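Novice: quick check, what structure comes out for this input:
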Amino acid sequence: MTDWGSPAFNITIEGQDKGFICHGSDTLLGGALRAGFGVPYECGAGGCGSCKFELIHGEVEESRGEAPGLRPADRRKGKRLACISNPRSDCQIRVRCDPIYQPKIEPVRHDAKFVTCIPLTHDLWEFRFETTEAADFLPGQYAKLELPGVHGTRSYSMSNIKNAEGQWHFQIKRVVEGEATSVLFERLTPSQCIVIDAPYSIAHLKEGPPCSTVCIAGGSGLAPMVSILRGLGMLDGGAKNAVLYYGARGPDDVVDSKLFADIDGFDPKRQYRPVISDTDLDPDRRWSGPVGMVHEFIADDLSEDGDDTEFYIAGPPPMVDAVRRHLVLERHVSVDRLHYDRFY
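Specialist: As a prediction, the model looks like this:
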């Protein structure tokens with residue numbers, strides 16, 4: 001477990017009987033979740049705006065300027081984002097807590113060593129790290145990675161499931177000129193150290209008897225879906241009642257079905273349904289599968305009966321939002337059956 005190496009401050013939440021301690025190198029969101037407070041959040045990176053709070057008194061420093069999740073109108077009202085705000089003094093904040101966000105596993109920072117990476121496509125690789133402590137998280141959750149030479153943290157979802165051996169697997173898509181992915185894809189060396197802060201997200205595999213499960217992913221949103229399928233595979237009956245839809249740009253971006261071959265009960269030939277959005281294919285790039293947007297494909301492919309189905313969605317915000325609109329507005333799926341993370 002890592003040392004914060006920074007001063008600690010007392011943070012009080014208006015209306016709460018107790019407060020929490022937050023280190024200056026931690027975010028207010030991280031400190032609150034580590035203390036068991038249910039502060040709302042989603043992306044943890046300043047993109048979605050779910051963790052807005054009002055600073056009543058005290059001082060914070062924002063790790064990201066002009067965060068998309070905070071509009072000018074929010075700033076005029078004194079709003080901040082807990083996921084990018086580091087305390088610089090004792091603070092009092094006003095935020096709406098919700099029990100649904102109380103972490104089932106409180107996030108912990110781990111020193112981790114890079115083990116290896118495995119290409120899945122030309123620009124989607126699985127990176128594997130190891131910690132001395134057990135890897136404790138729920139299927140579908142993500143971690144914040146502190147990478148050498150990279151300012152701030154980056155959020156990536158685990159593709160494996162919890163284990164006592166301290167194995168952490170992340171499927172990460174390369175971003176052209178991306179600061180973090182340049183380090184990951186080009187400069188990581190065996191046994192190089194990073195920090196893994198985890199777990200985060202409430203869009204994890206739900207407890208209880210397994211039921212019909214639909215996983216819908218785009219890009220690197222595949223990682224949490226693979227983790228969820230692996231989690232289902234560990235239950236009685238395995239993942240036989242699950243289906244995975246994967247939206248990719250072109251044939252070269254589609255992950256080979258062999259990735260899912262070891263998931264108990266999951267038949268990739270029947271339950272894995274990749275869809276590509278590139279409608280202007282080169283004749284030499286053969287593709288016999290469906291073409292179009294993934295939310296349009298599921299409109300025709302999904303069974304009409306979704307009353308006993310849990311939906312897990314991860315990927316770019318436009319894809320996730322389009323899928324949600326279809327499921328809620330056209331199929332009238334209850335919102336409490338939708339579990340999603342948007343990748344900003």
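
Novice: look up how far residue 173 lies from residue 280.
Specialist: As defined by Cβ to Cβ, to the nearest Å, residue 280 lies at a distance of 22 Å from residue 173. (Glycine included, C-beta is placed from N, CA and C.)

Novice: who has more neighbours out of the two?
Specialist: With other Cβ atoms under 10 Å as the criterion, residue 280 and residue 173 differ in neighbour count, and residue 173 comes out ahead with 19 against 6.

Novice: residue 53 and residue 97 touch, don't they?
Specialist: No: under the criterion of Cβ atoms under 8 Å, residue 53 is not in contact with residue 97, lying 10.2 Å apart.

Novice: looking at those two now, which is surrounded by more residues?
Specialist: A side-by-side neighbour count of residue 53 and residue 97, using other Cβ under 10 Å, places residue 53 first with 24 against 15.

Novice: rounded mean pLDDT for the helix or strand containing that one, please.
Specialist: Assigned by DSSP states H and E, residue 53 belongs to strand 52-57. Confidence over strand 52-57, taken as the mean pLDDT, stands at 96.

Novice: cool, and stretch 229-242?
Specialist: For stretch 229-242, the per-residue pLDDT values average out at 93.

Novice: now stretch 128-143
Specialist: Stretch 128-143 comes out at a mean pLDDT of 98.

Novice: pull the CA atoms of stretch 218-227 into CSV?
Specialist: This file holds the C-alpha atoms of stretch 218-227, laid out as CSV (Å, rounded to 0.1, in the frame of the first residue of the first chain):
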residue,chain,number,x,y,z
GLY,A,218,-17.7,0.1,-27.7
GLY,A,219,-13.9,0.5,-28.0
SER,A,220,-12.0,-0.1,-24.7
GLY,A,221,-15.4,-0.4,-23.0
LEU,A,222,-14.9,-4.1,-23.8
ALA,A,223,-12.7,-4.5,-20.7
PRO,A,224,-15.5,-4.2,-18.0
MET,A,225,-17.8,-6.3,-20.1
VAL,A,226,-15.2,-9.1,-20.2
SER,A,227,-14.8,-8.8,-16.4
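
Novice: and that stretch, how far out from the chain middle?
Specialist: Here stretch 218-227 shows a centroid-to-chain-centroid distance of 9 Å under the convention Cα atoms, centre = their mean, to the nearest Å.

Novice: how about stretch 194-203?
Specialist: Averaging C-alpha coordinates over stretch 194-203 and over its chain gives two centres that are 8 Å apart (Cα atoms, centre = their mean).

Novice: convert the C-alpha atoms of that stretch to PDB, please.
Specialist: Coordinates of the C-alpha atoms in stretch 194-203 are reproduced here as PDB (Å, rounded to 0.1, in the frame of the first residue of the first chain):
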ATOM      1  CA  ILE A 194       3.000   2.400 -11.200                       C
ATOM      2  CA  VAL A 195       0.200   3.100  -8.700                       C
ATOM      3  CA  ILE A 196      -3.200   1.500  -9.000                       C
ATOM      4  CA  ASP A 197      -6.000   3.200  -7.000                       C
ATOM      5  CA  ALA A 198      -9.000   0.900  -7.000                       C
ATOM      6  CA  PRO A 199     -11.800   0.000  -7.200                       C
ATOM      7  CA  TYR A 200     -14.300   2.600  -8.500                       C
ATOM      8  CA  SER A 201     -17.800   2.400 -10.300                       C
ATOM      9  CA  ILE A 202     -21.200   1.300  -9.300                       C
ATOM     10  CA  ALA A 203     -21.800  -0.200 -12.800                       C
END
